[in-house]
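>>> I'll drop the sequence and a predicted model, then ask my questions.
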Amino acid sequence: MSTHVVIGGSGFIGSHLTRALTGRGDDVIVIARHPPLDGISGVVYERGDARLPSLGLSADRIAHIRALCPVVWNLAANLSFRDEEFRAVQTDNTLIATHGSAFANTVGERYIFVSTAYVSGKPTGAQIPEQAIEAPVHRNAYESSKWEAESIVRSQTKIPFVILRPSIVIGDAYPEHAVGCTFGYYRYSYMFYVFKEYLATLRSTSRLHPLVLLFGIRNGSSRGRIACTRLIVPFPFESRVNMVPVGHVVAVMTAILSSEAAFRAGAVIHITHPNPPPYAELASTLCDDLGIEGVRFFPVPRQVFRAGFLLLRTLYPGKKKEFVSASKYLPYITETYDFERSASRAYALPDPPPLTPDFLHGVNVRAVTEVFPGFRSASPSA
């Protein structure tokens with residue numbers, strides 16, 4: 001039995017990891033700024049702040065944790081993509097890396113830092129390596145701060161470590177943490193949900209509304225569904241969306257614990273999908289799950305697609321902030337990334353399962369029934 005300290009363990013990936021570790025019979029201490037009131041049974045929750053020296057913990061608590069010789073995980077991050085928060089994101093995530101490494105050096109035997117596959121910045125058409133990336137062009141503070149954070153981990157961590165880089169992580173999420181899913185699959189798909197509700201409202205209030213006539217909106221095949229017989233939705237041709245189930249991410253995280261070679265090497269490991277689904281397949285499944293029938297998809301250059309997405313704000317001005325928030329994630333959904341996966345093979349890590357329509361259906365249904373209703377009262381966030 002091992003002991004683990006999970007910094008940021010109350011978030012989306014962290015909560016799944018914590019459950020997996022306790023399921024193995026290991027002891028887990030979660031350090032979070034806002035520990036849950038109803039946490040996971042058997043887990044010790046400590047109030048701390050990864051941006052502070054010693055994570056804000058007292059000397060006595062540090063000494064107690066050191067005696068346990070734990071594995072230290074760092075999943076804490078400021079995930080905001082908001083332009084006005086650029087400096088705060090940069091500062092927070094570099095502090096989290098700095099104090100996380102110092103804490104791990106003080107108390108831990110091994111250290112796992114969770115970054116993102118998108119530290120690579122804009123795709124260049126070449127395969128994105130797991131090791132050195134020369135002068136990436138970053139699109140936001142999150143990408144650039146995680147790039148700098150990785151450099152801090154490499155230079156300042158004195159114990160064996162690995163860096164994990166997941167792509168878009170999807171799976172079961174609960175409303176208060178759904179927005180924190182890596183690169184916001186829920187935040188993006190919420191726009192389809194909003195659009196469907198808007199069209200349904202138009203249909204119910206005015207069958208002669210210009211958009212009702214233009215899109216051929218009528219009742220669908222069953223209650224709660226609508227048919228849009230003349231709605232053509234553009235999609236970025238040749239675009240594939242690199243997503244991995246949170247269960248697979250956790251499986252890789254726990255499997256890496258058995259690889260001493262990875263820790264000795266300070267390995268950087270992409271947790272990405274080797275066969276990501278085409279955007280059109282993803283959008284078609286999403287529309288069906290949301291109850292939008294009869295939609296036809298038309299391939300366009302990604303620049304045209306992005307322009308069209310932004311134009312949707314004019315159709316639903318009451319959700320302008322949400323559309324702006326979702327637009328921050330468009331590059332990760334409209335561009336194709338070719339991530340190297342040599343480390344997964346070298347360290348015999350599990351491959352992700354196929355992203356079948358049934359799996360995506362489960363994710364979407366949970367979003368519609370449990371997650372999206374909570375977005376109504378939540379402020380837009382990244």
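Arrived safely, thanks for sending.

>>> please look at residue 102 and residue 157 and confirm they touch.
No. Assessed by CB atoms under 8 Å, residue 102 is found out of contact with residue 157, at 9.0 Å. Using the backbone N, CA and C atoms, a C-beta is placed for each residue, glycine as well.

>>> who has more neighbours, the two?
Remark: of residue 102 and residue 157, residue 157 carries more neighbours, 22 against 17, as counted by other CB atoms under 10 Å.

>>> so that one makes contact with residue 101?
Yes. Using CB under 8 Å, residue 157 is in contact with residue 101, at 4.6 Å.

>>> what do the two both touch?
Common contact partners of residue 157 and residue 101 (CB atoms under 8 Å, 6 or more residues apart in numbering): 111, 113.

>>> which residues touch stretch 256-266?
When contacts are defined by CB under 8 Å, 6+ apart, stretch 256-266 is touched by residues 2, 71, 110, 112, 154, 157, 160-164, 267, 269, 343, 347-349.

>>> can we see that at 6 Å?
The contact list for stretch 256-266 (CB atoms under 6 Å, 6 or more residues apart in numbering) reads 110, 160, 161, 162, 347.

>>> the helix or strand harbouring residue 261: what's the following helix or strand?
Residue 261 belongs to helix 260-265 when assigned by DSSP states H and E. Later in the chain than helix 260-265, the nearest helix or strand by DSSP H and E is strand 268-271.

>>> any low-confidence regions in the stretch 151-300 of the chain?
Along the stretch 151-300 of the chain, segments meeting pLDDT under 70 span 173-184.

>>> show me where it has strands.
Here the stretch 151-300 of the chain has its strands, by DSSP state E, counting those that start in this stretch, at 161-166, 168-170, 217-219, 226-228, 232-236, 243-245, 268-271, 292-293, 296-300.

>>> okay if I get the ones you listed as TSV plus distance to residue 117 and mean neighbour count?
As requested, these are exported to TSV (distance: least, CB to CB, whole Å; neighbours: other CB atoms under 10 Å):
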stretch	distance to residue 117	mean neighbour count
strand 161-166	4	24
strand 168-170	9	24
strand 217-219	39	17
strand 226-228	35	22
strand 232-236	19	19
strand 243-245	9	24
strand 268-271	6	25
strand 292-293	30	20
strand 296-300	25	14
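
>>> looking at those strands, which is nearest to residue 311?
With distances scored as CB to CB, the stretch of the strands of the stretch 151-300 of the chain nearest to residue 311 is strand 232-236 (10.7 Å).

>>> pairing partners for the closest one, with directions?
Under the criterion DSSP bridges, strand 232-236 sits next to strand 296-300 (parallel) in its sheet.

>>> ok now the partner strand, how far from the chain's centre?
With CA atoms, centre = their mean, to the nearest Å as the basis, strand 296-300 stands 26 Å off its chain's centre.

>>> ditto for stretch 227-244
Taking CA atoms, centre = their mean, one finds stretch 227-244 lying 20 Å from the centre of the chain it belongs to.

>>> quick one: residue 289 and residue 364 touch, right?
Yes. Residue 289 sits in contact with residue 364 when judged by CB atoms under 6 Å, with a separation of 3.7 Å.

>>> mind checking the SS state of residue 113?
Secondary structure, DSSP: H, G, I helix; E, B strand; the rest coil: residue 113 is strand.

>>> roughly how far does it sit from residue 292?
41 Å (CB to CB, to the nearest Å).

>>> cool, and residue 213?
Residue 213 sits 17 Å away from residue 292, taking CB to CB as the criterion.

>>> with residue 326 instead?
Separation of residue 326 from residue 292 (CB to CB): 17 Å.

>>> same question for residue 46.
Applying CB to CB to residue 46 and residue 292 gives a distance of 45 Å.

>>> ok, residue 269 touching residue 166?
No. Applying CB under 6 Å, one finds residue 269 not in contact with residue 166, separated by 9.4 Å.

>>> domain assignment for the protein?
3-159, 183-239+277-336+355-375 (automatic domain parsing).

>>> now these in TSV, with distance to residue 257?
Compiled in TSV, the domains of the chain are given as follows (distance: least, CB to CB, whole Å):
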stretch	distance to residue 257
domain 3-159	7
domain 183-239+277-336+355-375	26
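
>>> for burial, what's the neighbour tally of the nearest residue to residue 161 once chain neighbours are set aside?
Nearest residue to residue 161 in three dimensions, chain neighbours excluded: residue 111, at 4.1 Å (CB to CB, 6 or more residues apart in numbering). Close neighbours of residue 111, defined as other CB under 10 Å, add up to 27.

>>> is it true that residue 111 touches residue 162?
No. Judged on CB under 6 Å, residue 111 makes no contact with residue 162 at a distance of 7.8 Å.

>>> about what we covered before: how about the strands of the stretch 151-300 of the chain in TSV, adding distance to residue 258?
What follows is the strands of the stretch 151-300 of the chain, written out as TSV (distance: least, CB to CB, whole Å):
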stretch	distance to residue 258
strand 161-166	12
strand 168-170	22
strand 217-219	55
strand 226-228	50
strand 232-236	39
strand 243-245	20
strand 268-271	13
strand 292-293	45
strand 296-300	43
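
>>> looking at these, which is nearest to residue 194?
Evaluated with CB to CB, the strands of the stretch 151-300 of the chain place strand 292-293 nearest to residue 194, the distance being 11.9 Å.

>>> distance from that closest one to the middle of the chain?
27 Å.

>>> each with direction, which strands does that strand pair with?
Applying DSSP bridges, one finds strand 292-293 paired with strand 226-228 (parallel).

>>> mind jotting down where the helices sit in the stretch 201-350 of the chain?
Taking DSSP state H, counting those that start in this stretch as the criterion, the stretch 201-350 of the chain contains helices spanning 210-215, 246-255, 260-265, 279-290, 302-315, 320-327, 330-334, 342-346.
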